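Student: structure for this input, please:
(2 chains)
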Amino acid sequence: MKPNSLDYEQQLKQLKKENRILTKKLQRSQERQIQLEETNQKKESLLKRVILDLEESRDVAEQRTIKLSEALAQLKTTQEQLIESEKMAALGNLVAGVAHEINTPVGNSVTAASTLAEETTSFTTSVMAGQLKRSTLNNYLDLATEASEIILSNLQRAGELIQSFKQVAVDRTSLERRTFGLKSYLSEILVTLEPQLKKTPHQVSVTGDETIHINSYPGAFAQIVTNLITNSIAHGYPTNQSGVIQLDIRHESQQIVIQYQDDGCGIESQYLNNIFEPFFTTNRDGGGSGLGMHIVYNLVTQKLKGTIKVTSQVNLGTIFTIVLPLSDF
Amino acid sequence: MFKVVVGHSNDPDSVEAVAEILEQCLESLAEEAPQAGILFAAFDFDHSLILQQIKQQFPDLELIGGTSSAEISSRLGYQEDSLTLMLFCSDEIEITAGIGYQASHNPRAAVQQAIAPAKSKSSQEISLCLSFIDGLHLSGSKIVEAIKQELNSKIPVFGGVTADDMKFEQTYQFYDQEVCTDAIVTLIFSGKLLLAAGVGNGWNSLSKPKKVTKAENNILYEIDGQPALEFYQYYLNDSAPSLKYPLAVFENNTNKFYLRVPTAHDNQLNSIQFFGDIPQGATVQIMETNAQGILNSSQTSIADALKNYPGTEPAAAIFFSCVTRSSILGTKAATEYQGISAHLNSACPSIGFYTYGEIAPLQKDGAICLHHETAVSLILGTK
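Tutor: Just a heads-up that it's a prediction; the model follows:
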């Protein structure tokens, strides 16, 4: 059947309407597309901003890292300087002790020498006046002999002291390498510490193998032993009880073992892990710098390439075991 | 007798569209004279022309309406850029239209002005007030507050805030042949009208509930003493508040809440601006949802309405759903109405629009409030 003109008109109308609807839908969809694009652009620019912010934060972080590294380096330098000054301070103490120690024999010598000088003057006067008696001569000779002996023995003592101090002091400052007998050197160190030890009731001794000779840095040993002993005296015996401090050296396969032992109050286990850390002290008010044991640790591990371990029992004492590789000597 | 018919055209041409809806209505009316009507039109139409054409066809029609972001009806379902008209005929129900102007200057006076004709004309008790308002000149909450104060609290009030396609520039309210802005228009039903409604939103809590410690009108400054923006950003992983994360507002220690949509924020003041007021002292909670939550809740709203309907055969259904819901649904926007209509008798005429706010009670038979991001289903009839 052939459609009539009314049907065509109807269809045309319908098509026109659909065309309008589609056009409107297209318009709306284009608007939405633009909106989406704008949203995307906004998001993109937001993202760029976020990226910029992140980059800025990263730069700031880098700057801070650099500053922190600088501060850390500065801190390390300061720490090294402090350790150095601590060493120098220890040396200063040593010098003061030495001065005091030498003062006695030199003073004795001076007294003896002045007495001898006075007696000699008086003796000379008697001789010049021709009034010399036998008894006067005998007295003078007795006195001169005694004075000479006093002067000689005291000056010898001073000479000995100076000799050992000189060695230790030179070793401490120069830290030069040389060959020495370990046990006798440790004994020598104890002599230099005599001024300090004399004021305390403690007994310090060195035992062990006398035949061990090593080529190493005696200054480092002097510093280590001094610091260990100073530490025991300062912290180990708070009630002035008398203590026994013992240094024992032995040869063990390819190693030398130096065992330092005191019978003091010991170190509480909570502190054992910290005692080698710089500036760690339980006695800051008492003047502890917290550097002594750190210096010991550094000298053993770096200068002598060895290890140091500490064990301790409260009220029984503390043992430091220093193990040094023999190959290094 | 209470007869309801509906016309719906998606023809973008105003002349053609109005002609089409009138033709559809006339056909359904079958010689019955309509007493009143509601019209929802997309923003781009020539609204004056449309109103003139309707007036010419039905000179005595009590007509109100407004611009919408999308329109729905039992004829074409969900449509954008369309025009839809519902007409009511009854010999037992009186229906009166009214308008109040310059609502932003004096909301109460505008409400009084709008309901005055109904109060003077109708001989029966008011059974329903439908109302469309402008939310861009004055916060919709203030106008709803004025309606609450002017109308007896037993009168059910439903309606919506007119829209303009998410442009938020200008919306229009229709009354008779007038195209107005900053107005409130009402259609008041008097007589033995049976009705029931359901309100659903489908949002779930995202944040802890906290008290509003500082708010002024629609600007929220502090929640629990903390800057509002910080509170939001804590939960949103530092992103800006958006319509996807509205605020639930609990007033007077009830577990019922209405929603407020964030529209802007101020990074300097750490404050957030909402579409609708936030009362100081209320408990608030950030909410979130997904497409399924939206779809389930609108179905709950129509199911509740049907369950509570006091008669047996509703004559019409009216829906108000928030434009933000269609925005969240995106390309699936049409499925919200599909879900709702599945609950209804296919012969039941329905109409609705996507709003900038929904007017409905907070709970059954309770006081009205302005909702956002919510679906409201209203069914009415005389049998």
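
Student: ok, A:G243 - contacts?
Tutor: A:G243 sits next to A:P201, A:H202, A:Q203, A:S232, A:G236, A:Y237, A:D262, A:D263, A:G264 when contact means CB atoms under 8 Å, 6 or more residues apart in numbering or on different chains. For glycine as for every other residue, the C-beta is placed from the backbone atoms N, C-alpha and C.

Student: so which bits of stretch A:21-35 are buried?
Tutor: Within stretch A:21-35, the residues scored as buried using 16 or more other CB atoms under 10 Å in any protein chain shown are A:I21, A:K24, A:R28.

Student: in helices only, show me those residues.
Tutor: Within these, residues falling in helices by DSSP state H are A:I21, A:K24, A:R28.

Student: ok, and which of those residues reach chain B?
Tutor: Contacts with chain B within those, as defined by CB under 8 Å from any CB of the partner chain: A:I21, A:K24, A:R28.

Student: let me know the pLDDT of the residue in the stretch 101-250 of chain A positioned nearest to chain B.
Tutor: As assessed by CB to the nearest CB, chain B sits closest to A:H235 within the stretch 101-250 of chain A, at 52.4 Å. On the pLDDT scale, A:H235 is placed at 86.

Student: quick one: B:L22 and B:Q57 touch, right?
Tutor: Yes. Using CB atoms under 8 Å, B:L22 is in contact with B:Q57, at 5.2 Å.

Student: now the phi/psi pair for the closest residue in space to B:L229 that isn't next to it in sequence, please.
Tutor: Closest residue to B:L229 in three dimensions, ignoring its sequence neighbours and counting by CB to CB, 6 or more residues apart in numbering or on different chains: B:N270, at 4.2 Å. Main-chain torsions, B:N270, degrees, to the nearest 10: phi 60, psi 30.

Student: for the residue in the stretch 51-200 of chain A that chain B sits nearest to, which three-state class applies?
Tutor: Residue of the stretch 51-200 of chain A nearest chain B, by CB to the nearest CB: A:D53 (11.9 Å). The local conformation at A:D53, judged by DSSP: H, G, I helix; E, B strand; the rest coil, is helix.

Student: contacts only, for B:Y245.
Tutor: Contacts for B:Y245 (CB under 8 Å, 6+ apart) come out as B:L206, B:Y232, B:Y235, B:L236, B:P262, B:I286, B:M287, B:E288.

Student: tell me, how many neighbours does the fourth one end up with?
Tutor: B:L236 has 17 neighbours, counted by other CB atoms under 10 Å in any protein chain shown.

Student: equivalent analysis for B:N253, please.
Tutor: 7.

Student: pLDDT score for the closest residue to chain B within chain A?
Tutor: Here chain A gets closest to chain B at one residue, A:K24, 3.9 Å apart by CB to the nearest CB. At A:K24, the pLDDT value in this model is 91.

Student: so what's it closest to, chain neighbours aside?
Tutor: Of all residues beyond its chain neighbours, the one nearest A:K24 is B:P12 (3.9 Å), with distances taken as CB to CB, 6+ apart.

Student: what's near enough to touch the one you found?
Tutor: A:R20, A:I21, A:T23, A:K24, B:D44, B:F45, B:D81.

Student: check for me that it belongs to a strand.
Tutor: No. Secondary structure assignment places B:P12 outside any strand; it is coil (three-state DSSP).
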